[in-house]
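>>> need a 3D model of the sequence below.
(one chain, ligands or ions: 2)
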Amino acid sequence: MTLLTWNHACSVSIRAMDDQHGILMDAINELRQALIRGCGREKISELLDQLIEFTRMHFSSEEQLMAQTGFPGLEEHRAEHHRMLAEILQAAHRLQYGEGLQLRPLLCGMHDGFLEHIESIDRQYSPWLRERGIR
Ligand SMILES: [Fe+2]
Ligand SMILES: [Fe+2]
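Ligands and ions are numbered 1, 2, ... in the order given. I've put the predicted structure just below:
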């Protein structure tokens, strides 16, 4: 399983958000490494909880930035965050109760889902925030 790296092609041109996106990717990588090392269920579940917690925090700081600058696409963006988080929580729940969910495909799906979200939806706030002095 290869590790995923963060690069400039994924930048949304807002420093704090780029940093948070990098941390999200690191958290996914940490989970992947834990799987490779054969870590136990408890450790995996702890790392997954951390990833979920950080995802919540990141979504809410993006929403705060958009709200504070009156970004017109806020509600649509917020709805997409809710949808993503619900999907992750549902998968984590299934994993926790051993409903046959595989963690590797889940992590790949999360990684791809995050990248797609960043590239298609997060980027929409960049010009708006930058015009208002947030870089
Ligand atoms: Fe984001
Ligand atoms: Fe977002």
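>>> below-threshold pLDDT in the protein: ranges please.
In the predicted model of the chain, residues 1-8, 99-101 satisfy pLDDT under 70.
>>> longest helix in it, please.
Ranked by residue count and defined by DSSP state H, the top helix of the chain is helix 41-68.
>>> how far does that one sit from its chain's centre?
In terms of CA atoms, centre = their mean, to the nearest Å, the centre of helix 41-68 is found 7 Å from the chain centre.
>>> ligand 2 contacts on the protein?
The chain comes close to ligand 2 at residues 62, 122, as judged by CB under 5 Å from the ion. The C-beta positions use only the backbone N, C-alpha and C, and glycine is treated the same way.
>>> what's the host helix or strand of R83 in contact with?
When secondary structure is defined using DSSP states H and E, the element that contains R83 is helix 74-96. Residues lying outside helix 74-96 but in contact with it, judged by CB atoms under 8 Å, 6 or more residues apart in numbering, are 45, 48-49, 52, 55-56, 59, 62-63, 66-67, 71, 100-101, 103, 106, 110, 113, 117, 121, 124-125.
>>> now the next helix or strand after it against helix 74-96, angle please.
Scanning forward in sequence from helix 74-96 by DSSP H and E, the next helix or strand is helix 103-120. Angle of helix 103-120 versus helix 74-96, following axes from the mean of the first three to the mean of the last three CA atoms, to 10 degrees, is 170 degrees.
>>> okay, helix 103-120 in CSV with CA atoms only?
Taking C-alpha atoms only, helix 103-120 is exported to CSV below (Å, rounded to 0.1, in the frame of the first residue of the first chain):
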residue,chain,number,x,y,z
LEU,A,103,-10.8,-0.6,6.4
ARG,A,104,-8.4,-0.4,3.4
PRO,A,105,-11.1,0.3,0.8
LEU,A,106,-12.7,2.7,3.3
LEU,A,107,-9.5,4.7,3.7
CYS,A,108,-9.0,4.8,-0.1
GLY,A,109,-12.5,6.0,-0.5
MET,A,110,-12.0,8.7,2.1
HIS,A,111,-8.8,9.8,0.6
ASP,A,112,-10.3,10.1,-2.9
GLY,A,113,-13.5,11.7,-1.4
PHE,A,114,-11.4,14.4,0.4
LEU,A,115,-9.3,15.1,-2.6
GLU,A,116,-12.3,15.5,-4.9
HIS,A,117,-14.1,17.7,-2.3
ILE,A,118,-11.0,19.9,-2.0
GLU,A,119,-10.5,20.2,-5.8
SER,A,120,-14.1,20.7,-6.8
